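No sequence on hand, only this structure:
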């Protein structure tokens with residue numbers, strides 16, 4: 001199995017960060033345990049690959065996998081069953097159910113429904129780059145990223161990281177790249193962008209269009225700014241990037257991992273993890289100075 005990251009949110013850390021305290025032994029204290037009958041959600045660490053270790057370290061990169069199991073209880077089902085319960089109680093007591101009673105009935109109902117609920121299991125990679133001092137979470141959702149990092153935070157007591165940020169607004173640079181038809185060195189602007197009117201938040205989505213067209217440039221001349229772009233890096237890696245510097249829809253060329261020929265699946269996973277970690281590290285190293 002090859003390693004892959006499709007989405008990425010990056011956080012920076014400094015020399016005084018306690019991220020270096022993360023060990024396989026420490027992670028064992030928060031290893032994943034599946035939901036019990038009355039649990040609605042459980043989150044913990046699992047092995048990124050088959051040897052059982054919870055921490056994979058390759059050169060100056062480390063990889064952790066967070067697994068979350070959550071019970072699926074559609075709101076419509078809960079509300080329907082609660083309405084039945086409330087009606088039964090009101091008929092028995094000949095009194096209208098008060099708000100506090102309704103909440104208590106809902107809690108009882110949840111305890112009854114949870115053991116029978118379907119479950120959803122998701123896995124999210126946390127990648128640590130010790131050399132360049134950043135940590136990446138393989139998601140495009142800040143909420144999911146924070147949920148995953150909160151497990152590490154509990155283990156470490158504190159986690160000194162800050163979301164990747166720039167001195168100048170990212171959307172201003174995006175807009176200038178389109179306006180001047182000039183991408184940063186090593187990068188190519190592709191054919192999708194989102195433009196937003198800062199006055200009324202009106203949005204224009206240009207999908208699979210020529211971003212150098214006079215029509216698109218007229219929107220920029222009218223004051224709209226570019227908040228999302230699709231780009232490629234050295235013609236090896238394509239991605240979508242938004243004004244919060246979140247990468248999504250990351251795709252890698254076949255050439256990037258073409259020389260990985262191990263028969264052992266763990267070796268394939270480890271080798272492709274290192275290749276992709278180095279590729280994305282290099283991408284950010286070349287991209288970030290363009291926003292200063």
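Alright, I've got the coordinates. In this text, all values refer to a predicted model and were calculated from it rather than measured experimentally.

For the rest of this, base every contact and every neighbour count on C-alpha atoms.
Noted.

does residue 23 really touch residue 55, like I thought?
Yes - the pair residue 23 and residue 55 qualifies as a contact (C-alpha atoms under 8 Å) at a distance of 6.8 Å.

between these two, who's got more neighbours?
Here residue 23 and residue 55 are set side by side on neighbour count (other C-alpha atoms under 10 Å), and the busier one is residue 55, at 22 against 14.

ok, the residue nearest to residue 12 when sequence neighbours are not counted - contacts?
Of all residues not flanking residue 12 in the chain, residue 134 sits nearest, at 4.3 Å (C-alpha to C-alpha, 6 or more residues apart in numbering). Residues in contact with residue 134 (C-alpha atoms under 8 Å, 6 or more residues apart in numbering) are 10, 11, 12, 13, 128.

Those in strands, which ones?
In strands, judged by DSSP state E, the following of those are found: 10, 11, 12, 128.

can you redo those residues as TSV with distance to residue 243 and pLDDT?
TSV is the format used below for these (distance: C-alpha to C-alpha, whole Å; pLDDT from 0 to 100):
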residue	distance to residue 243	pLDDT
10	13	97
11	15	96
12	17	94
128	23	96
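
quick check, nearest of those to residue 190?
residue 10 (22.5 Å; C-alpha to C-alpha).

Please list all residues in contact with the residue lying closest to that closest one once chain neighbours are set aside.
Nearest non-adjacent residue to residue 10, counting by C-alpha to C-alpha, 6+ apart: residue 136, 4.3 Å away. By C-alpha under 8 Å, 6+ apart, the contact list for residue 136 reads 8, 9, 10, 11, 126, 127, 128.

By neighbour count, which of the residues you listed wins?
residue 8 (26 neighbours).

Going along the chain, name the helices of the stretch 151-292 of the chain.
Applying DSSP state H, counting those that start in this stretch to the stretch 151-292 of the chain gives helices spanning 170-180, 214-221, 265-287.

Output the ones you listed as TSV; include the columns mean pLDDT.
Output for the helices of the stretch 151-292 of the chain, formatted as TSV (pLDDT from 0 to 100):
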stretch	mean pLDDT
helix 170-180	92
helix 214-221	86
helix 265-287	92
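
I'd like the ones you listed as CSV, with mean neighbour count and distance to residue 18 appended.
Below are the helices of the stretch 151-292 of the chain laid out as CSV (neighbours: other C-alpha atoms under 10 Å; distance: least, C-alpha to C-alpha, whole Å):
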stretch, mean neighbour count, distance to residue 18
helix 170-180, 18, 29
helix 214-221, 14, 44
helix 265-287, 17, 21
